[in-house]
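# this is a predicted model, with the sequence first.
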Amino acid sequence: MMAARFRSVTWVAVAVVPALACYLVTQHVAAERAQLAKVERQIGQSRRAIRELETELGTRGSMAQIERWNGQTFALAAPSAQQFITGDVQLASLSALPALPVPAVVMAAAPAASAPSGPAPSAPAEVRQATLETVKPAAPVHPVRQASFEQVKPAASARPLREASFEAAKPAARPLREATSKTAAKASTPARATPAKAEVRQVAFKPARRAAPVEEEAQPLLRQATYVKPPREQKAPTKVAMLANGPLDSRSLAEIGRIANAERGSRRP
Amino acid sequence: MNAPFPAIAAPPERVRLAGARVESASVAHFRLMVMMLLFIAATAVIAGKLAWMAVASGPAPTAASTYGLIPPRADIVDRNGVTLARTIDAWSIAVHPDKLMNPPEVVAAKLAAILPDRTEAEYLAILKSGRSFVYLKRRALPELIKQVNAIGEPAIALGREPERLYPQGNLASHVMGWLDQDGKPTSGMERVLDTRLTADHGRGRPVALSIDSRVQAALETELNAAMVKHSAIGASGLVLDVKTGEVVAMTSLPSFNPNAPSFGAVEDLANKSTLNVYELGSTFKMITMANAIESGVVTSMSHRYDATAPLQVGRFKIKDDHPQNRFLDVPEILVHSSNIGTARIADALGPERTAAFFRKLGFDAPADIELGAKGRPLWPKFWARTTTMTVAYGHGIAVTPLHLASAYAALVNGGVWRPATLLKRAPGQVPEGRRVISEATSARMRQLMRLVVMKGTGRKADAPGFRLGGKTGTAEKPRAGGYAHHSLISTFAGVFPMDAPRFVIIAMLDEPKGTADTFGYATAAWTAGPVIARTVARIGPLLGVMPSLTKDVDESELLPLLWEPKGANPNAVE
């Protein structure tokens, strides 16, 4: 009876529910479509913006501009044939590696004249190896220098430190003297500087200490350390074209930015 | 009450009325039915139309086409994708003088302050002209637009319109060409590619040229520096891929800015590399020598030719610029650039074989390249004996620098001549070409070219490590009734690397003057040679040619043939 009574209601429900469902589906689809269109519009706008920016960048960084900077501002020249490396062997030939250790048997067999020169080359060779390692920790040189300028009042005590850090930055130049100067500087630090400074300096010169442990006991030769001159006939380091590493360092980039700013400023009325 | 009877005797009107009511009800039903059918039909029509639209309209239009991402004219890029030409939406400033609201004097004063292109009086004249539309500035910067907008004059119209922009400015301007005010291409690749650039299906994709903008920039810079240094009136340069015929760089100086071509001089708009023809001088000796070797006239490199004295042919006298006054063998003729020796070989070749070889190299027709403006070579009308002799060293025949580049490419690439192109060629698209000399002759030519740079007049062009070979060419400019002895065309045609040739490079200076550091010489060795050396050192690595001091062409069989007087300065040039 009940079913008969509610039959019409059921029919209505049967008719309405799918209709409603269909309507909801179409509504949902329409909403999605609208969303999609919006995203596509945004993509289009972004693409146009990218294109505009690309155009502006391309125009500002045109070949003529780059040529002007390369030629007039930086005075760059084309790399010579020697600066190109064709293989591993040629690359290896650029680095001054230590001589291979000569076995004692061979040394004994060598004529007497060359015998005294045996230990002499071996010592610098060892140091050189050590200094090659110091290339990596050379980065904290700047903090050290800064610290010393902040804390040390008399200029006299600042100078040896600067000299020493200069030496540390270019370790390959004169290996043996450098080692001695470093140990001298290190040995002198506790006497002159504050403890905090000494610690910093020790961190910076740790490799040097490892390099020449024998001279640990050497007397502080402060004057020597102070007046160590940069090597006179210092050869310009051969620069090898390594494109992957990026030819511009941060300094050059900052320089380019400065010039660009200046040019832009001058162009404005 | 007052009608006891009516029920019994109904008036006939009422009966009729009842019948009429039934009838009218059915009419109403019928009308309603019709109305309903009409409504159903209308609804059905609308629903059907909607359904049809849903089915037939297809997919929704894509974002690219909807939002104007496809430019009205396709971009042009170089072989590495660097944009050389692009259509942008630029701002334009225009005015409707007939709709002016403010006093014209005030507006003119403000316009003159913002846009100093014209004077205040000129602006006033425009504003008072009563015309309906005048452009004040096209391609204006946004800051300028802001300032003009701040004037607040409703008659000033600020619009956006598509503009062709050449981001690289003067770079490769002769290759690109430019568009006129109406956006119609007038020259260059813009004109050649017009249909492709504006076609509906092609606008979205940029067209890649064979130009390499870095190489182009290097060539233009170095050539321009030499042009300024030697006060030349013009210069032309080419870099051509010897295997594919692609033009990697093509320049003609002075150049113009295609963004504002109207500011350039009219004669600068001509492309000196393809339109102007020149007598290119001694660079032709290589071509003559290749012909002689190929046709069996020269069988031995050590055969000696009499260059003891100037050669008198009829009323002409053929002289050497660097007279050796002795017998010269084949390498020596090229190394010392002997006109006499070359003329003797050409005499042995004869006019038929010379002309046939020149025809094979395409010297009798405009250069084979896409560009529209191509110069027709000056081909000798009559091949006298002297003609044969003079064309052998590049006088009496005038071709474009591109002709020379294509010919040199054929001489060194194994002997196959291919048409040049400014469009990037995929490896499979390289045309077959036609053989002009054999592989063996080509190998010999490579040796000879390298020898000229190692030991001869081309020493100034040598870029260490790049195994450059080539030939200098210094020609006097013809004028009415003879040659102008101090108006020179100094050319150097080089190829590198000579052990596996990849690129031809040509530098040509028009009327260079000697300077103090060239000891007053304006010949190719002193003017065009250093351009080649500097350019090759720059572009070699960019083009994948790595310099090497350990590789070179095998010259062991030719070097002993060069005689040097005792105590001679081996580094002397000229």
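Nice, thanks for sending it over.
# and the closest residue to chain A within the stretch 151-300 of chain B, how many neighbours does it have?
Nearest residue of the stretch 151-300 of chain B to chain A: B:A217, at 3.7 Å (CB to the nearest CB). Quick note: C-beta positions are derived from backbone N, CA and C, even for glycine. Counted by other CB atoms under 10 Å in any protein chain shown, the residues lying close to B:A217 total 24.
# mind listing what it touches?
B:A217 makes contact with A:M63, A:A64, A:I66, A:E67, B:L171, according to CB atoms under 8 Å, 6 or more residues apart in numbering or on different chains.
# could you look up the SS state of the nearest residue in space to the second one that is not next to it in sequence?
I take that to be A:A64. Leaving aside its chain neighbours, A:A64 sits nearest to B:G169 (5.5 Å; criterion: CB to CB, 6 or more residues apart in numbering or on different chains). At B:G169 the chain is in coil, as set by DSSP: H, G, I helix; E, B strand; the rest coil.
# how about the contacts made by B:G169?
B:G169 neighbours (CB under 8 Å, 6+ apart): A:S62, A:A64, B:N257, B:P258, B:N259.
# kindly recompute the last result at 7 Å.
A:S62, A:A64, B:N257, B:N259 (CB atoms under 7 Å, 6 or more residues apart in numbering or on different chains).
# what distance do you get for it to A:G61?
Distance from B:G169 to A:G61, counting by CB to CB, to the nearest Å: 12 Å.
# kindly report the same for B:Y408.
34 Å.
# out of these two, which sits in the busier spot?
Higher neighbour count among B:Y408 and A:G61: B:Y408, with 30 against 13, using other CB under 10 Å.
# mind listing what the more buried one touches?
B:A493, B:V495, B:V504.
# what about 8 Å?
B:V242, B:T283, B:M286, B:G470, B:A493, B:V495, B:V504, B:I506.
# so the fourth one makes contact with B:V495?
What it means is B:G470. Yes - applying CB atoms under 8 Å, one finds B:G470 in contact with B:V495, separated by 5.9 Å.
# which neighbours do those two have in common?
With CB under 8 Å, 6+ apart as the test, B:G470 and B:V495 both reach B:Y408, B:M449, B:I505.
# so how many other residues sit close to the last one?
With neighbours defined by other CB under 10 Å, the count for B:I505 comes to 29.
# repeat for the second one
Residues near B:M449, counting by other CB under 10 Å, number 29.
# checking my notes, it in a helix, right?
Yes - under three-state DSSP, B:M449 falls within a helix.
# quick one: contacts for it?
B:M286, B:L411, B:V412, B:G469, B:G470, B:K471, B:G494, B:V495, B:M498.
# where's the residue of the stretch 151-300 of chain B closest to chain A, which helix or strand?
B:A217 belongs to helix B:213-229 when assigned by DSSP states H and E.
# using CSV, list the CA coordinates for that helix.
The C-alpha coordinates for helix B:213-229 follow below in CSV (Å, rounded to 0.1, in the frame of the first residue of the first chain):
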residue,chain,number,x,y,z
SER,B,213,76.1,35.8,-34.2
ARG,B,214,79.3,35.4,-32.2
VAL,B,215,81.3,34.8,-35.3
GLN,B,216,79.5,37.6,-37.0
ALA,B,217,80.3,40.0,-34.2
ALA,B,218,84.0,39.1,-34.1
LEU,B,219,84.3,39.5,-37.8
GLU,B,220,82.6,42.8,-37.8
THR,B,221,84.6,44.1,-34.9
GLU,B,222,87.9,43.2,-36.3
LEU,B,223,87.1,44.3,-39.8
ASN,B,224,85.7,47.6,-38.6
ALA,B,225,88.9,48.2,-36.5
ALA,B,226,91.0,47.6,-39.6
MET,B,227,88.7,49.8,-41.7
VAL,B,228,89.1,52.6,-39.3
LYS,B,229,92.8,52.1,-38.9
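# what angle separates the helix or strand just after that helix from helix B:213-229?
Scanning forward in sequence from helix B:213-229 by DSSP H and E, the next helix or strand is strand B:234-241. Counting by axes from the mean of the first three to the mean of the last three CA atoms, to 10 degrees, strand B:234-241 lies at 150 degrees to helix B:213-229.
# other SSEs contacting the next helix-or-strand element following strand B:234-241?
Next helix or strand after strand B:234-241 toward the C-terminus (DSSP H and E): strand B:247-253. In terms of contacts (3 or more CB pairs under 8 Å, 6 or more residues apart in numbering or on different chains; DSSP states H and E), strand B:247-253 is packed against helix B:173-176, helix B:213-229, strand B:234-241.
# give me the angle between strand B:247-253 and strand B:234-241.
Using the same axes, to 10 degrees: strand B:247-253 against strand B:234-241 is 180 degrees.
# so which residues make contact with strand B:247-253?
Outside strand B:247-253, the residues touching it (CB under 8 Å, 6+ apart) are B:79, B:172, B:174-175, B:210-212, B:215-216, B:218-220, B:223-224, B:227, B:234-241, B:268, B:270-274, B:369, B:402, B:420-422, B:503, B:539, B:543.
# re the thing from before, pull out the buried members of the contacts of B:Y408.
The neighbour count (16 or more other CB atoms under 10 Å in any protein chain shown) marks B:V242, B:T283, B:M286, B:G470, B:A493, B:V495, B:V504, B:I506 as buried among these.
# wait, a strand at the fifth one?
Yes - judged by three-state DSSP, B:A493 forms part of a strand.
# find the nearest non-adjacent residue to it, please.
Excluding its sequence neighbours, the residue lying closest to B:A493 (CB to CB, 6+ apart) is B:T283, at 4.6 Å.
# measure that neighbour to A:N261 for me?
Here the criterion is CB to CB. By it, B:T283 lies 48 Å from A:N261.
# identify the residue nearest the residue of chain A found nearest chain B in space, chain neighbours excluded?
Nearest residue of chain A to chain B: A:A81, at 2.7 Å (CB to the nearest CB). Closest residue to A:A81 apart from its sequence neighbours, by CB to CB, 6+ apart: B:G465 at 2.7 Å.
# quick one: the one you found and A:Q83 touch, right?
No - applying CB under 8 Å, one finds B:G465 not in contact with A:Q83, separated by 9.7 Å.
# higher neighbour count, these two?
Taking other CB under 10 Å, B:G465 and A:Q83 do not tie; B:G465 has more neighbours (25 against 14).
# buried set for stretch A:84-92?
By 16+ other CB under 10 Å, the buried positions in stretch A:84-92 come out as A:F84, A:I85.
# ends of it, how far apart?
Length of stretch A:84-92, first residue to last, CA to CA, to the nearest Å: 13 Å.
# count the residues that sit near B:E220.
26.
# measure it to B:T195 for me?
29 Å.
# nearest to chain A among the shared contacts of B:G470 and B:V495?
Among these, and counting by CB to the nearest CB, the member closest to chain A is B:I505, at 14.2 Å.
# so the closest one sits right up against B:V239, yeah?
Yes - B:I505 is in contact with B:V239 according to CB under 8 Å; the separation is 5.1 Å.
# can you check which residues contact both of those two?
B:L219, B:I539.
# about what we covered before: pLDDT on the helix holding B:A217, on average?
Per-region confidence: helix B:213-229 scores 93 on mean pLDDT.
# which elements pack onto the lengthiest helix in chain A?
As assigned by DSSP state H, the longest helix anywhere in chain A is helix A:7-60. When contacts are defined as 3+ CB pairs under 8 Å, 6+ apart, helix A:7-60 packs onto helix B:63-66, strand B:83-95.
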